[in-house]
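>>> Compute the structure for the input listed below.
(2 chains)
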Amino acid sequence: MNIKGIKDNFRDFWGEFSKVKYGMVGLVLFFIFLLIVVLEPILIPFPEAGKRWRDITYWEDNPKNAAPAWTNWFTTKKLTPQSILDDPEIKEKKAANTQVLEAVFKYDYFYDVPPIDLILRATGKGLINMVIELERPDGLTLEVTKKSIKLSSEAPIRVSLDKEGTSMVGEFLKSYEDPVILQGISMSTVKPVEVFFVQAQNRLLDNPVPLKGEYRIKLTSVAVGSNSFLKEPEITVAGRVFGLMGTDASKRDIWSGVIAGTKWALLIGLLTSAVAVVIGVFYGVTSAYFGGTVDQVMMRLYEIFQSIPLLPVMIVVSAVFKPSIWTMILMMCSFFWVSSVRTVRSMGLQIKEETYVEAAHALGASNRRIIFKHMVPQLIPYAFASMALQVPVSIVYEASISLIGLGDATIVTWGQILHDAMQGGAVLQGIWWWIVPPGLFIAIMGMTFAFLGFAMDTILNPKLKTR
Amino acid sequence: MSEFILEVENLKKWFPIKRSLGELLRGQRRWVRAVDGISFKIKQGEAFGLIGESGCGKTTTGKLIMKLLEPTDGQIVFKEKDVTCLNSEELQEYRRGVQMIFQDPYASMNPRFRIREVLSEPLYIHKIGTTEKEKMKLAAKALQEVKLTPPEEFMDRYPHMLSGGQRQRVATARTLILSPSFVVADEPVSMVDLSTRAELLQMMKEVQHVLGLTYLYITHDLSTARYFTDRIAVMYLGKIIEMGSADEVIDHALHPYTKALIAAVPEPVSGKVGIIKEVPIKGEIPSAAEIPQGCRFHPRCLYAKPECWDQEEPELFEAEPGHFVACRRYKEIKKDSINEKVG
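Numbers count the residues shown, from 1 in each chain, chains lettered A, B, ... in the order given. The predicted structure is shown next:
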């Protein structure tokens, strides 16, 4: 067929397709998924989420099991969301052998429940003396910590104000809190950050009143030595609510995980189902068309494949080789093709007896022509429906393999997130934001392909045509 | 060149029946004798009718001639060439010369094909016409031959968008596009509206004269057979029991089965509508797996005598010039029926 013919065919097809509403919904969803894959670096706050999903240091500044930030809209007590203060006012002075850097971070606090921690991050080298002060809206200035660090080479610096502030908070409490209460508690149970953000008054520990307004965190560092320096300071406010979809028990951002998992879900689902269904359709049609001994041999071979349980095979293969997504796809392809064979074969047996196949024989059509022109096109709607069903199956299978710890450790998939949620007891603890997003994404992706499949069925099956 | 384009000699098609375990162990085989030794010759340019009830083997005969089925025994000679066993190249060549029109015009076309694809399929198979344009020209010409004008209007339609008569015209066009010399028409009008039947048959006749075609017209409908064919063979349970010119067979039927068939034709003529006809036949057609002893028609024949089932099956013989019959008592029966009429 020439290019114009293909163009015309496509235009016809599109004309038909655009009339099927759920088909359009499926197509839109499919393009959204494609867009997510393309725009992944822009969409996620943690660009290395996919690669460093299992690297705990990558996630250490995040709160644990934090609900999504938008849950604040539905509560009266507003929790502090996660944020990063990366735009300080910096004053730098360089003397002969010392670098003096002064950075002032402004933070507008207008929540009811204070953050979990304030974490200072910077890069430095040599001997560095740091002073961190907190200026509160009520005019009080707290010297949170004085710290001296020695680094032999350029390295990241991480200071948790919650940990470092304990001694200062003790002093602060002595001036304001009721001594009777202070005697009754151990200082180790007091969280300094919670004290930073409450009004300085009696009984602030058991009846805290949040102090709202602009806080200024001032970092003064003196790097001593010719090569010593400190640069790029920033403060992470570790909130109690986090991002679009919250965090899991390992402090990982679920939104980043889900988005980074989209491309793998699409890949696993589409590739596996497409390869498997194509093999299955041709296998089934060939078996049905030739019949007799060919059919017998092919069906026995099919039964062997069908009776081998895939999971143990995949476990063995994953154990022998390095667990990898590609081995998994290969294994699934070489076993999933059986799912469509039976139906395709029985449909093929039916089509084979149709008069138009006989008419094609009478015209002198070759076996190949009859299989490819007359039989396979009839099976395309079924193939698409079958593919659509296979997409979620493949994703779930991948998740099952991940569940027993044989998933590809270099990537993150929806199945793995769900698996972690199950292991982390997300259901018992009510951490719904750990389960719902990956679950919902799997469901929507399944729905997308089901819609596409049904729409194709409506168009490609002329008997269902309305005109 | 011989005056006969197609000669069929003692053609047989027996289908094996699935055996039970007992039969398998005893080595028994049973057969459905769909076509059980038939012979006929079709002249160049004539329309030859093959008539019979459903299940008598007439369609199987058509398929055997089309080489859609392999015969169990016998010989088919086409244009003085034995075509019973062909290799794939010879078969391809044979199929350019012999084509078939199927009974159900909707089922005989792939519902996913547009008319242009239906018509160009034989051209692709036989590699006729080099360009798409040339193929479309041939397709348009074929549509004009079957009086579907203007052709452009039909080219892009699907079979389900056409009426039964139009579909059958397209099916005819598809067979004609290869310019065959012999066409097997398997009940081409039985699924078409009565009103368009005559028109369709007229078209087929015209095409026959213009292109010099020979038809094998398979039907159960005596009235269209008489209208369309020159000679008729009547089949019963896989055998031809009467054969002759169309007028002779229908006006002066010799075999009791033919007589019964003719008597069964309803006549929409005033005065005859209300009468429920008494058809001179009894019972149902027996299974082709268990063909009766002797004359295979005797269980249903009103004139059957012991000689009919005791003696050998009667062979087809020339009772009158050009009129063959397979009944040993046809003369007595003829007398009987005359007596009845007189009485």
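
>>> what about A:K174, how many residues close to it?
10 (other C-beta atoms under 10 Å in any protein chain shown). For every residue, glycine as well, the C-beta is placed using N, CA and C.

>>> Next, the contact list for it, please.
If you count contacts by C-beta atoms under 8 Å, 6 or more residues apart in numbering or on different chains, A:K174 has them with A:L182.

>>> low-scoring stretches of the stretch 151-300 of chain B, by residue?
Using pLDDT under 70 as the threshold, the predicted model of the stretch 151-300 of chain B has low-confidence ranges B:268-278.

>>> try the stretch 301-450 of chain A
Under the criterion pLDDT under 70, the flagged ranges of the stretch 301-450 of chain A are A:403.

>>> So what are the sheet partners of the helix or strand A:E143 falls within and their directions?
For A:E143, the enclosing helix or strand under DSSP states H and E is strand A:141-160. Sheet partners assigned to strand A:141-160 using DSSP bridges are listed as strand A:117-135 (antiparallel).

>>> avg pLDDT for the partner strand?
pLDDT averaged over strand A:117-135 equals 86, rounded to a whole number.

>>> buried ones in it?
Neighbour-count burial for strand A:117-135, counted by 16 or more other C-beta atoms under 10 Å in any protein chain shown, picks out A:117-122, A:124-126, A:128-130, A:132-135.

>>> now could you export just the CA positions of that strand as PDB?
What follows is strand A:117-135 as a C-alpha-only set of coordinates in PDB (Å, rounded to 0.1, in the frame of the first residue of the first chain):
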ATOM      1  CA  ASP A 117      13.800  19.800  62.400                       C
ATOM      2  CA  LEU A 118      15.800  22.600  60.700                       C
ATOM      3  CA  ILE A 119      18.700  21.200  58.800                       C
ATOM      4  CA  LEU A 120      21.600  23.200  57.600                       C
ATOM      5  CA  ARG A 121      23.400  22.000  54.600                       C
ATOM      6  CA  ALA A 122      26.500  23.400  53.000                       C
ATOM      7  CA  THR A 123      29.800  22.400  51.400                       C
ATOM      8  CA  GLY A 124      33.100  23.200  53.000                       C
ATOM      9  CA  LYS A 125      36.700  22.400  53.500                       C
ATOM     10  CA  GLY A 126      39.300  22.900  56.200                       C
ATOM     11  CA  LEU A 127      38.700  24.200  59.700                       C
ATOM     12  CA  ILE A 128      35.300  25.800  60.000                       C
ATOM     13  CA  ASN A 129      33.800  27.500  63.000                       C
ATOM     14  CA  MET A 130      30.100  28.100  62.800                       C
ATOM     15  CA  VAL A 131      27.600  30.000  64.900                       C
ATOM     16  CA  ILE A 132      23.900  29.600  64.300                       C
ATOM     17  CA  GLU A 133      21.500  32.100  65.800                       C
ATOM     18  CA  LEU A 134      17.800  32.200  65.600                       C
ATOM     19  CA  GLU A 135      16.000  35.600  65.700                       C
END
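
>>> what distance separates it from the centre of its chain?
Taking the mean of its C-alpha atoms, strand A:117-135 sits 32 Å from the chain's own mean (C-alpha atoms, centre = their mean, to the nearest Å).

>>> then the strand holding A:E143 to CSV, C-alphas only?
Listed next in CSV are the C-alpha coordinates belonging to strand A:141-160 (Å, rounded to 0.1, in the frame of the first residue of the first chain):
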residue,chain,number,x,y,z
THR,A,141,17.6,35.9,69.7
LEU,A,142,18.7,32.4,70.6
GLU,A,143,22.2,31.2,69.9
VAL,A,144,21.3,27.7,68.8
THR,A,145,24.8,26.3,68.5
LYS,A,146,28.5,26.9,68.1
LYS,A,147,30.2,24.3,66.1
SER,A,148,33.7,23.6,64.9
ILE,A,149,34.3,21.2,62.0
LYS,A,150,37.4,20.0,60.4
LEU,A,151,37.3,18.6,56.9
SER,A,152,40.5,17.4,55.1
SER,A,153,38.9,17.7,51.7
GLU,A,154,35.8,19.3,50.2
ALA,A,155,32.8,17.6,51.7
PRO,A,156,29.1,18.2,52.4
ILE,A,157,28.2,19.5,55.9
ARG,A,158,25.0,18.7,57.6
VAL,A,159,23.9,20.2,60.9
SER,A,160,20.6,19.3,62.5
